[in-house]
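> All I have is the shape, not the residue letters:
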């Protein structure tokens, strides 16, 4: 996949003009804290002093993992939960439905590689929120072989880009995921790309006990031990083929395309962050377009955010995935551009400045 | 002011039933983090497994401070900014207007004691958002005498209660304030009620430099040094009379009444927290009804929240006041009751539980 992402200059005439606009609003200097940083970032992304959001969209990529399907012990939930939760999303019963509806985010659920046949019968009716982009019925079990082939990876990345291109005039896209076993996949990717130990990169996922986490680390160490030759994991593509999930790869392709077309990316938790970490190895400037909406309670997420030099907006101890952090934080992101567009300046409101 | 606030039992049959309802939603156990705590708190306040919010309201109390009017150096802004910002609120140009409008909070601006005559001419038109409850045109200068009399305090508390009683069916009330000099007042109240040094309790307010903060501490030490006899500050009432602002006192009266009638209190930043700290000395169970929406960037707020054993929802480095933290966080508070009411349970959605 070839991408050309335009770097965003942080020191430009536009940047100065944005600072000037923010600093002349009727408020003490800097008193809107993180909202000011977010407003400036979005204004720079949109190359505008008055950025707006159109048709905000949340894409949830779902996929199964061979190691979870074969009950290796990487997740405390059975892999059937992936398709069951996709059906729950499509029927409107999940947390992400509640939060997206509340905050008026358009929800799309993408089958990137779920081990289930979402036939019209299973879906009960044509569902405009459902996108079939299935690469295969789950990845292969990385305990024994690469999770996906180079062709499958390329296909997943391309599908991700196409999905972004079909979101109409939406100019802000949030990302979420569902996939039993995918915190293991994210930990393997993070550990390899950031050159950190698995102990530092593995957490409870959907709910391991500390005993379960220890076992998860052992299993993932076995997985990594299969790749000892210097060439084995020498490119981001090889890392994704080795450990990836289809949902993570497709999400990364979608993020790269979102940045390429100059739109704002809203990043959710640990797995979504692993996708953009991987994408940044393909094209670092993808991060210029990303807002990290929250720090999740998955213990390695703090370290991953630090590695990405990202400052998350919220820390509510969420660890649900599904894009729930994106949806919950969306009104705060929106508040940042609303104050930039709608607040009066000192001179407009005839308010005295600091003496 | 007499109040009777019902304590909320944290270990009750209802509390167990709420936990059961939360834990059977289609999500890993505990994975909605802080949202689960907030949902439980509101359900307990409303004594219901299905709490709802009606007519959410934000009350902004404004008042002037004698020490600021007399340019003692406690604030870097001239005291005229208080009335100028009240006019800005009433014309819709302030941050709080933008955030309240976005999140559909009904805004009321209360003149608790502003040093300005809000005549119909000054207001340009009858403004249904404006409530005249002026006690006086600013407090007296606490560098020389008590800020308010016992009668003025009683009047402010009573007015606060009446304002709550006139908010119709609103069952969730956010609190904010405006008053040049009121971070000094809040620091003096905090320092006295919590028995902490002024160095620990004073911050930049609306924008002091570190030199300005040092001077502010010196001035406030002079103020406190006027009260050396054991009886001088022996009751919360005496502390409010000595250092208070009318907006802080009236807000405290309104908070006590909100709790008394079993409604949810949304607390903003440093000054609003000082008001509920003071209210908790009158009736400790007011805190059972309070959600602390954010930790402000005013440096002593973290310590005050710790003293109150409060866990704030957000930390966005806001330090604007006006109830801005309440308004920005409101969708997150709303998300907590929405998931409790609307998410499917495991059995409803036919999703497998943890193995």
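Structure's in. What do you need? Everything numeric in this text was worked out from a predicted model, so none of it was measured.

> The longest helix anywhere in chain A vs helix B:324-342, what angle?
Longest among the helix segments of chain A by residue count, using DSSP state H, is helix A:324-342. Angle of helix A:324-342 versus helix B:324-342, following axes from the mean of the first three to the mean of the last three CA atoms, to 10 degrees, is 140 degrees.

> other SSEs contacting helix A:324-342?
Where contact means 3 or more CB pairs under 8 Å, 6 or more residues apart in numbering or on different chains; DSSP states H and E, helix A:324-342 is packed against helix A:13-23, helix A:33-46, helix A:95-102, strand A:172-178, strand A:264-267, helix B:95-102, helix B:324-342. (Glycine included, C-beta is placed from N, CA and C.)

> Most tightly packed of the ones you listed?
Compared across the helices and strands packed on helix A:324-342, strand A:172-178 shows the largest average neighbour count, a mean of 29 (mean count of other CB atoms under 10 Å in any protein chain shown).

> That one - what's its average pLDDT?
Averaging pLDDT along strand A:172-178 gives 98.

> Any residue of it touching chain B?
No - Strand A:172-178 does not reach chain B (CB under 8 Å from any CB of the partner chain); its nearest approach is 11.2 Å.

> distance between that strand and the chain's centre?
5 Å (CA atoms, centre = their mean, to the nearest Å).

> Can you spell out which helices and strands pack onto it?
strand A:57-63, helix A:80-91, helix A:246-260, strand A:264-267, helix A:270-282, helix A:324-342.

> Please tabulate the ones you listed in CSV and include distance to residue B:18 as additional columns.
As requested, the helices and strands packed on strand A:172-178 are exported to CSV (distance: least, CB to CB, whole Å):
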stretch, distance to residue B:18
strand A:57-63, 28
helix A:80-91, 22
helix A:246-260, 33
strand A:264-267, 31
helix A:270-282, 28
helix A:324-342, 20
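
> Give me the buried positions along whichever helix or strand comes after the longest helix of chain A.
Remark: after helix A:324-342, the chain's next helix or strand is helix A:346-349, criterion DSSP states H and E. For helix A:346-349, burial by neighbour count (16 or more other CB atoms under 10 Å in any protein chain shown) applies to A:346, A:349.

> who touches stretch A:9-24?
A:29, A:32, A:36, A:39-40, A:43-44, A:47, A:49, A:340, A:345-347 (CB atoms under 8 Å, 6 or more residues apart in numbering or on different chains).

> And the helix or strand encompassing residue A:302, how far out from the chain middle?
In the assignment (DSSP H and E), residue A:302 maps to helix A:301-307. Counting by CA atoms, centre = their mean, helix A:301-307 is centred 14 Å from the centre of its parent chain.

> So which elements touch it?
helix A:182-194, helix A:198-201, helix A:270-282.

> The longest helix of chain A to helix A:270-282, inter-axis angle?
70 degrees.

> and the residue in the stretch 51-200 of chain A positioned nearest to chain B, how many neighbours?
The minimum distance from the stretch 51-200 of chain A to chain B, using CB to the nearest CB, falls at residue A:93 (2.9 Å). As a burial measure, residue A:93 scores 22 neighbours (other CB atoms under 10 Å in any protein chain shown).

> contacting residues for the nearest residue to it once chain neighbours are set aside?
Once flanking residues are discounted, residue A:93 sits nearest to residue B:344: 2.9 Å by CB to CB, 6 or more residues apart in numbering or on different chains. Residue B:344 makes contact with A:88, A:91, A:93, A:94, B:25, B:26, according to CB under 8 Å, 6+ apart.

> Run the chain-centre distance for the longest helix of chain A.
17 Å.

> tilt between that helix and helix A:33-46?
Using the same axes, to 10 degrees: helix A:324-342 against helix A:33-46 is 80 degrees.

> and helix A:324-342 with helix A:95-102, angle?
Going by the same axes, to 10 degrees, helix A:324-342 makes 20 degrees with helix A:95-102.

> hmm, back to that, the residue of the stretch 51-200 of chain A closest to chain B contacts residue B:26, doesn't it?
Yes - using CB atoms under 8 Å, residue A:93 is in contact with residue B:26, at 6.3 Å.

> any shared contact partners between the two?
The contact lists of residue A:93 and residue B:26 share B:343, B:344, B:348, B:349, where a contact means CB under 8 Å, 6+ apart.

> Output the residues you listed as CSV; include the columns pLDDT and distance to residue A:279.
CSV is the format used below for those (pLDDT from 0 to 100; distance: CB to CB, whole Å):
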residue, pLDDT, distance to residue A:279
B:343, 97, 31
B:344, 95, 33
B:348, 92, 36
B:349, 92, 32
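
> what's the closest of these to chain A?
Nearest member of those to chain A, counting by CB to the nearest CB, is residue B:344, at 2.9 Å.

> Please, which helix or strand holds the most far-flung residue of chain A relative to its centre?
The centre of chain A is farthest from one residue, residue A:355, which by CA atoms, centre = their mean lies 44.8 Å away. According to DSSP H and E, residue A:355 maps onto no helix or strand at all.

> shouldn't it be in contact with residue B:80?
No - judged on CB under 8 Å, residue A:355 makes no contact with residue B:80 at a distance of 10.3 Å.

> Residue ranges in the stretch 51-200 of chain A under the pLDDT threshold?
Across the stretch 51-200 of chain A, the ranges flagged by pLDDT under 70 are A:121-122, A:124-125.

> residues in it within reach of chain B, list them.
Residues of the stretch 51-200 of chain A lying near chain B (CB under 8 Å from any CB): A:76-78, A:80-81, A:84-85, A:87-88, A:91, A:93-95, A:97-99, A:102-103.

> Okay, buried residues for the helix holding residue A:302 please.
Buried residues in helix A:301-307 (16+ other CB under 10 Å): A:301, A:304, A:305, A:307.
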